[in-house]
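S.K.: coords please:
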Amino acid sequence: MAAHTPPGFGPADLRTAYALPDDGGKGLTVAVVVAQDAPAAEADLAVYRAQFGLPACTSADGCFTKVDQRGGTDYPEPEAGWAGEAALDLDMVSAAAPNAHLLLVEADDATIDNLGAAVQQAVTLGADVVSNSYGTRYDLFEEDPAETAWDAYYDHPGVAIVASSGDDDAGVSFPAASPHVTAVGGTSLRRDTGTARGWSESVWSHDGYGTGSGCSLYLPKPAFQHDSGCDHRTVADVSAVADPDTGVAVYDSYGSAGWGVYGGTSASAPLVAGVYAAAGRAAKDTEPITYPYSAADEALNDVTYGSNGT
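M.R.: Coordinates of the predicted model:
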């Protein structure tokens, strides 16, 4: 580990906060889907993992792979914002599942059709978990009816598909609204020596930003959801640290100057993707989104403080 510890929560903090094993993910592949190319993704990942004493994960040793949305190496044009997203996602998966293989799939652009094609390519290439830190949101509570057709991109039994719920407070985005996707919201995570857990969490919402949530207008309520708050799909399913004020350490040399503290549900979604990998491979033909619901009483921490709107 380097002498200087970057600001923000590192892998040991996150694994302690969420009771994760130190060696999770062995034998599994987690795919990260982004748009545009992240030219420094592999090099930046190496810096992050070396800093925090995680095992190396490189293309040379077969642990890291980068492909375009067709599975080749005809990468799209680079874009700084998406490069930062790739760095954040890869670092968070690494934190939660240090022994997982990493597959970075780069869509040609940020349209749902191309991002969806990248998700399908990730599954074709053998991903056990697919992380998606993006979403469409057209108005405060409005969705696009086209998402009923887009949903097919994310329907992959036996593969855990994870997506961010959004960062604009109450309201629903897609693909988080998909009944095949684990929608991940965001919390403010703090050390709390007054609790047995040693950490506490509240709803992330301040300064005009906060975790997305709500009732889908178009996508049906899945059988595993029994809440009375929504007639259709309820978002989100689970949440994790997303508040930039209690954020995570990330290394990005292309879109930024190196070390920084990141947040948003773009942080919580890949972290939960890593949790899926740490838990082991999903059973064939099952819907991994149902797993948290079957174990909620035993395995999850109930967040009961805070609000992101009405």
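S.K.: burial measure for the closest residue in space to Pro55 that isn't next to it in sequence, as a count.
M.R.: Here the nearest residue to Pro55 in space, its sequence neighbours aside, is Pro98; by C-beta to C-beta, 6 or more residues apart in numbering that works out to 6.1 Å. No exception for glycine: its C-beta is placed from N, CA and C like everyone else's. Neighbour count for Pro98, taken as other C-beta atoms under 10 Å: 25.
S.K.: A strand includes Pro98, no?
M.R.: No: applying DSSP: H, G, I helix; E, B strand; the rest coil, one finds Pro98 to be coil, outside a strand.
S.K.: what about the longest strand in the protein?
M.R.: strand 182-191 (DSSP state E).
S.K.: just to revisit the earlier point, phi first, then psi, for the residue nearest to Pro55.
M.R.: Here is the backbone geometry of Pro98 (degrees, to the nearest 10): phi -60, psi -20.
S.K.: ok, now Leu104?
M.R.: The phi/psi pair for Leu104 (degrees, to the nearest 10) reads phi -100, psi 120.
S.K.: could you report the neighbour count for it?
M.R.: For Leu104, using other C-beta under 10 Å, the count is 23.
S.K.: equivalent analysis for Ala170, please.
M.R.: 18.
S.K.: does it touch Gly212 like I think?
M.R.: Yes: applying C-beta atoms under 8 Å, one finds Ala170 in contact with Gly212, separated by 7.2 Å.
S.K.: which residues do those two both contact?
M.R.: Contact criterion C-beta atoms under 8 Å, 6 or more residues apart in numbering; residues shared by Ala170 and Gly212: Asn308.
S.K.: list the contacts of the nearest residue to Phe9 once chain neighbours are set aside.
M.R.: Take Phe9 and drop its neighbours on the chain: the residue closest to it by C-beta to C-beta, 6+ apart is Val248, 4.9 Å away. Residues near Val248 by C-beta under 8 Å, 6+ apart: 8-10, 14, 88, 91-92, 95, 241, 261-263, 267, 271.
S.K.: could you measure from the residue nearest to Trp199 when sequence neighbours are not counted over to Ser200?
M.R.: Spatially, and ignoring its direct neighbours in sequence, Trp199 is nearest to Ala17 (4.6 Å; C-beta to C-beta, 6+ apart). For Ala17, the distance to Ser200 equals 10 Å [C-beta to C-beta, to the nearest Å].
S.K.: who has more neighbours out of these two?
M.R.: It is Ala17, of Ala17 and Ser200, that has more neighbours when counted by other C-beta under 10 Å, with 21 against 18.
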